[in-house]
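Colleague: Just a sequence and a predicted model for now, questions to come.
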Amino acid sequence: MDVYDIWCDLKPDVGDLEFAAKLDAYMEHLKAQGLIEGWRLTRRKLGLGPSALGEFHIRIELRDLAQLDAAFDRAAARREPVEGLHFGLNSLVANTTFALYRDFPDPVRHSGEERFGSGQPGPAV
């Protein structure tokens, strides 16, 4: 499973529940189209968290990079209904930061024959 993380703040005068509703509409559309597996919205609590990250955190779960690429292709096409949903959400946020993670160890990981397993840092893949 790959995890696409997004941190953001809201633009001035944007309501938190308005943001949550627009996110729900967009994510549920992507999920219904098979372009994501699931998603979750969280909000910083008690002001705790790195200042460089936004107040809101969106975590999107994907089967693999092919599914993420298909979701990106759908958004990049700039066609309805995705264009309206994406614009409606994107127009509410500022200070976005993105990251891509994967489950570890990978399900395909084999142990015993690796050449980078010496405990020394090696190239990340």
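Modeller: Structure received.
Colleague: Does residue 2 touch residue 104 like I think?
Modeller: No - Residue 2 lies out of contact with residue 104 (CB atoms under 8 Å); the separation is 11.1 Å. All C-beta spots, glycine's among them, are computed from the backbone N, C-alpha and C.
Colleague: With residue 102 as the reference, measure out to residue 29.
Modeller: Going from residue 29 to residue 102 by CB to CB, to the nearest Å gives 25 Å.
Colleague: my bad, residue 3
Modeller: Separation of residue 3 from residue 102 (CB to CB): 7 Å.
Colleague: higher neighbour count, the two?
Modeller: Each of residue 3 and residue 102 has its neighbours counted (other CB atoms under 10 Å); residue 3 has more, 16 against 12.
Colleague: does that one sit in a helix or strand, and which one?
Modeller: Using DSSP states H and E, residue 3 maps to strand 2-10.
Colleague: Give me the distance from whichever helix or strand comes after that strand to the chain's centre.
Modeller: Using DSSP H and E, the helix or strand that follows strand 2-10 towards the C-terminus is helix 16-32. Averaged C-alpha coordinates place helix 16-32 at 13 Å from its chain's average position (CA atoms, centre = their mean, to the nearest Å).
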